[in-house]
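No letters, just coordinates:
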């Protein structure tokens, strides 16, 4: 509930955007193909792009009805071209790394297919095979390896020290007084209480905690967070960057051992106690943390490529244009392109980052 859904956004976006590359060799013979875009050194045909859209809607069914929005489709085309180019730049070493990773990812994918009937039905409907997913993951991993190869130690050290708030390890107790709840039958969000009511309830529980109240008892009584209410509100040794922004800032800045004032997030109001916070020097951090740092730098480099280099590719799109511009918020631009999890396997959802 508290996790930052944007954190892995560019990674998940990468999986979606390069999906079309897996099917470039699958176009049916005999039918004439037409171009939907050209760029320096290449083009995109209607068959490969339509196949990409099929894969996209399997991975992200919630976007199925948005595919025909011209601005949405245009941005997918731009992103596809960028990953097509980057994937082709992977070195032999990067390709070898990608092949090793994909072999393991495919094992997990095949295991999930045995029990995930929805996923299998969606693949069957689009006539996508395991080999298609393997090719897709391989192209994705090539992009990952290529972007990671551009990251330097100096960049990683700078990222870590500049954004220490994201890499601190914290143990926190919190009680969430939520403003909304999710219907377990329909999955629809409903108002639980107003913001004013939630704040008043949060202040009430803070007063009880300040007076010596027991976290275990009060969390069970007041907290709306199912992930921690039965554990006295405790999240132990967690990476601080995983939290939503307001919670993250509070757990990093709040005085250790002191119950803070209620903190508002998109979920409601949190009463927080920071029990422990660890911020080691860069040369003391774990390999896992360094991988997270590398991922963040790669994300920055990817954004820089999209801003500075992609326009130089002289992309000419032949997709139909919208009569009226669709608001940008409706399209999967930038790091918001795919914040939800792809229904393939836990490994693919992590793929476009760093290994």
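Arrived safely, thanks for sending. Since the model is a prediction, treat every value here as computed from it, not as a measurement.

Okay, now the unreliable bits of the chain?
Along the chain, segments meeting pLDDT under 70 span 1-31, 323-355.

helices and strands around the lengthiest helix in it, which ones?
If you go by DSSP state H, the chain has its longest helix at helix 92-113. Where contact means 3 or more CB pairs under 8 Å, 6 or more residues apart in numbering; DSSP states H and E, helix 92-113 is packed against helix 117-125, helix 130-149, helix 346-350. Where C-beta positions appear, they are placed from N, C-alpha and C, glycine not excepted.

Can you list the buried residues in that helix?
Of all the residues in helix 92-113, those buried under the rule 16 or more other CB atoms under 10 Å are 94-95, 97-98, 101-102, 105-106, 109, 112-113.

Stretch 243-257 now?
Under 16+ other CB under 10 Å, the buried positions of stretch 243-257 are 243-244, 247-248, 250-252, 254.

Pick out the most distant pair among those.
The distance between the two most remote of those (CB to CB) is 15.1 Å, for 244 and 254.

looking at this, residue 44 is in a helix?
No: per DSSP: H, G, I helix; E, B strand; the rest coil, residue 44 lies outside any helix segment and is strand.

Now do residue 56: how many residues are near it, please.
22 (other CB atoms under 10 Å).

ok, now the one 5 residues further on?
Counted with other CB under 10 Å, residues neighbouring residue 61 total 13.

Count the neighbours of the closest residue in space to it that isn't next to it in sequence for me.
Spatial nearest neighbour of residue 61, excluding adjacent residues (CB to CB, 6 or more residues apart in numbering): residue 122 at 7.3 Å. Residue 122 has 18 neighbours, counted by other CB under 10 Å.

was I right about residue 122 contacting residue 60?
No: counting by CB atoms under 8 Å, residue 122 stays clear of residue 60, with 10.8 Å between them.

Are there residues contacting both of the two? Which ones?
With contacts defined as CB atoms under 8 Å, 6 or more residues apart in numbering, no residue is shared by residue 122 and residue 60.

Which stretches in the chain count as strands?
Using DSSP state E, the strands of the chain run over 35-39, 42-45, 169-178, 180-182, 189-191, 234-239, 263-265, 268-278, 316-317.

Could you tell me how far the last one lies from the centre of the chain?
For strand 316-317, the separation from the chain centroid amounts to 28 Å (computed by CA atoms, centre = their mean, to the nearest Å).

hmm, back to that, any chance of JSON lines for the buried residues of stretch 243-257, columns distance to residue 196?
Shown next, in JSON lines, are the buried residues of stretch 243-257 (distance: CB to CB, whole Å):
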{"residue": "243", "distance to residue 196": "24"}
{"residue": "244", "distance to residue 196": "21"}
{"residue": "247", "distance to residue 196": "20"}
{"residue": "248", "distance to residue 196": "25"}
{"residue": "250", "distance to residue 196": "20"}
{"residue": "251", "distance to residue 196": "25"}
{"residue": "252", "distance to residue 196": "27"}
{"residue": "254", "distance to residue 196": "23"}
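
I'm done for today, thanks for sticking with me.
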